[in-house]
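>>> Kindly generate the corresponding structure for this input.
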Amino acid sequence: MSALQALKIVITNLPATADDRYEPRETEELISFQVKNNTAQEAQLTQENISKPILQEIASGDITCDLASFEAGSGGFGEVLVGYHEGLQQEVAIKFFTITGGPREKTRLEKIIKEEMAHLLKADHENVVRIFGYVKWSFAMGIVMEYCKCGNLKELLLDTSIALGLAVRIRFLYQTSSGMAACHNLPDKRLIHQDLKPENITLTEDLQCKIIDFGAAELATHSTLATVNPLARSKKEPPQYTPYYTAPEKLKDPAMKAKKEIDVYSFAMIIYILVKTEKSQSNSNY
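Model prediction:
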C-alpha cells in the first residue's frame, strides 16, 4: 500500500462531525495563538519539556535497508530510505548520506549528521519528527528517525482524488505551527528551520503532522538572534532553500543571520496554499 492510498483510507474514515470541530472564530484564535509565539504562555517551555540530547549510535546490524527497494523522498544532502529497526521492531526512515571521499570526508559528514540530530533532539515535540539515532556503514551514514507512512503535504496537495475539508486543513496548520513554536521557544536558543514547506511536513497514520529535514536549520539566541553553531558544510555545499517558501530577504542574502521571521514567512505561504478556495494541481511549487 502506497503512502497516498493509506492517507485516502484515513481521510475517508474521519468522523462525520470532523468539519464541526472548528468554528471560524476558534480557527482564527488557533492560528493567532500559534503564530504569536512570543507570548508569556508559550515561553513557559522548561527544561523538563525538552529531552536531554543523546546522540545514540545504532549498530548497522540492527538496521535492515534495501537500497533498491523503496525511497521515501529526499532532502538537504541525503536521500530518505525506508528500513527496519530490529531492536524497535518497526519500520524507520533513514536519511542516507553516501561517503564519497576518504577519512576526512567521513569525519566532516559525521559532524553534519550529529549537528542535525542535535537540533532534532532539542526540539522534542509531538509535531517534530522523532530521532532514534544514527548508523554508520563503510560506504555511508544515516540518521534513523520515525517513518510517517502517509507521505507528506506536498503529495497530498497534488493528488486530485483526495478532497480535504476545512477542518483537516486547519488541523494540519495547527499542528505545524505547534511544532514550529516549540522549535522557536527552546529554553536557551531558537531553532530556525529555514526550509519549512509542505514537502517537509510528513503525516502519520492518524494524520499527525511531523516537521522533518532540519538540514538547513540553525540555532539563534533569544536576545540578539545571532546565529550560533551552524551546520558544518563546505563552501561547495550551501544550504538549499525553496524559493517559493523562502522569505525575500533570505533569498537576497542567503548568509543572513537566522531569525524566526524566516519560518513565519514560510508558514504564511503554507497557510495560503492550504486554505485558498481553489488549488492549481499543476502548480509544482507545492
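
>>> Quick one: the helices in the stretch 101-250 of the chain, in order.
With DSSP state H, counting those that start in this stretch applied, the stretch 101-250 of the chain shows helices at 103-122, 153-158, 166-184, 248-252, listed in chain order.

>>> Mean pLDDT lowest where, among those?
Per-stretch averages of pLDDT across those put helix 103-122 at the bottom, with a mean of 83.

>>> Give me the buried positions along stretch 120-127.
Along stretch 120-127, these residues count as buried under the neighbour rule (16 or more other CB atoms under 10 Å): 120, 121, 122, 123, 124, 125, 127. For every residue, glycine as well, the C-beta is placed using N, CA and C.

>>> now the closest residue to the last one other than its chain neighbours: how far from residue 191?
Think residue 127. When the adjacent residues along the chain are set aside, residue 127 lies closest to residue 179, with 3.2 Å between them (CB to CB, 6 or more residues apart in numbering). According to CB to CB, to the nearest Å, residue 179 and residue 191 sit 10 Å apart.

>>> now do residue 142
Distance from residue 142 to residue 191, counting by CB to CB: 21 Å.

>>> same thing with residue 117?
13 Å.

>>> just residue 106 next, same as before
As defined by CB to CB, residue 106 lies at a distance of 26 Å from residue 191.

>>> Please identify which of the two sits among more neighbours.
Regarding residue 106 and residue 191, a neighbour count based on other CB atoms under 10 Å identifies residue 191 as having more, with 25 against 18.

>>> Look at that one and report its pLDDT.
As predicted, residue 191 sits at a pLDDT of 90.

>>> now residue 52
Reading off the per-residue confidence, residue 52 sits at a pLDDT of 49.

>>> Model confidence at residue 7, what's the number?
At residue 7 the predicted local confidence, pLDDT, stands at 52.

>>> could you pull out the strands for the protein?
Residue ranges of the strands in the chain, as given by DSSP state E, are 57-58, 63-64, 71-75, 78-85, 90-98, 131-136, 140-146, 189-192, 201-203, 209-211, 218-221, 227-228.

>>> among those, which is nearest residue 245?
Shortest distance between residue 245 and those, using CB to CB, is found for strand 201-203: 11.1 Å.

>>> Need the contact partners of that closest one.
For strand 201-203, contacts defined as CB atoms under 8 Å, 6 or more residues apart in numbering pick out 7, 129, 148, 150-153, 156, 172, 176, 209-212, 270.

>>> Now with 7 Å, please.
Counting contacts by CB atoms under 7 Å, 6 or more residues apart in numbering, the residues outside strand 201-203 that touch it are 7, 129, 148, 150, 151, 152, 153, 176, 209, 210, 211, 212.

>>> could you dump those to a markdown table with distance to residue 259 and neighbour count?
Output for these, formatted as a markdown table (distance: CB to CB, whole Å; neighbours: other CB atoms under 10 Å):
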| residue | distance to residue 259 | neighbour count |
| --- | --- | --- |
| 7 | 34 | 21 |
| 129 | 23 | 25 |
| 148 | 28 | 20 |
| 150 | 32 | 23 |
| 151 | 30 | 20 |
| 152 | 25 | 25 |
| 153 | 24 | 22 |
| 176 | 19 | 25 |
| 209 | 23 | 25 |
| 210 | 24 | 22 |
| 211 | 18 | 24 |
| 212 | 21 | 26 |
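
>>> Would you agree residue 58 is in contact with residue 137?
No - the pair residue 58 and residue 137 does not pass the contact test of CB atoms under 7 Å, sitting 11.2 Å apart.

>>> Those two: which is more packed in?
Set side by side, residue 58 and residue 137 show more neighbours around residue 58, with 20 against 13, by other CB under 10 Å.

>>> Show me how this protein divides into domains.
3-48+150-275, 51-146 (automatic domain parsing).

>>> Check the ones you listed for me: which has the lowest mean pLDDT.
The weakest mean pLDDT among these belongs to domain 3-48+150-275, with a mean of 73.

>>> Tell me who's in contact with residue 192.
By CB under 7 Å, 6+ apart, the contact set of residue 192 is 217, 218, 220, 258, 259, 260, 262, 263.

>>> I'd assumed residue 217 was in contact with the fourth one.
Spelled out, it's residue 258. No - counting by CB under 7 Å, residue 258 sits too far from residue 217 to count as a contact (8.1 Å).
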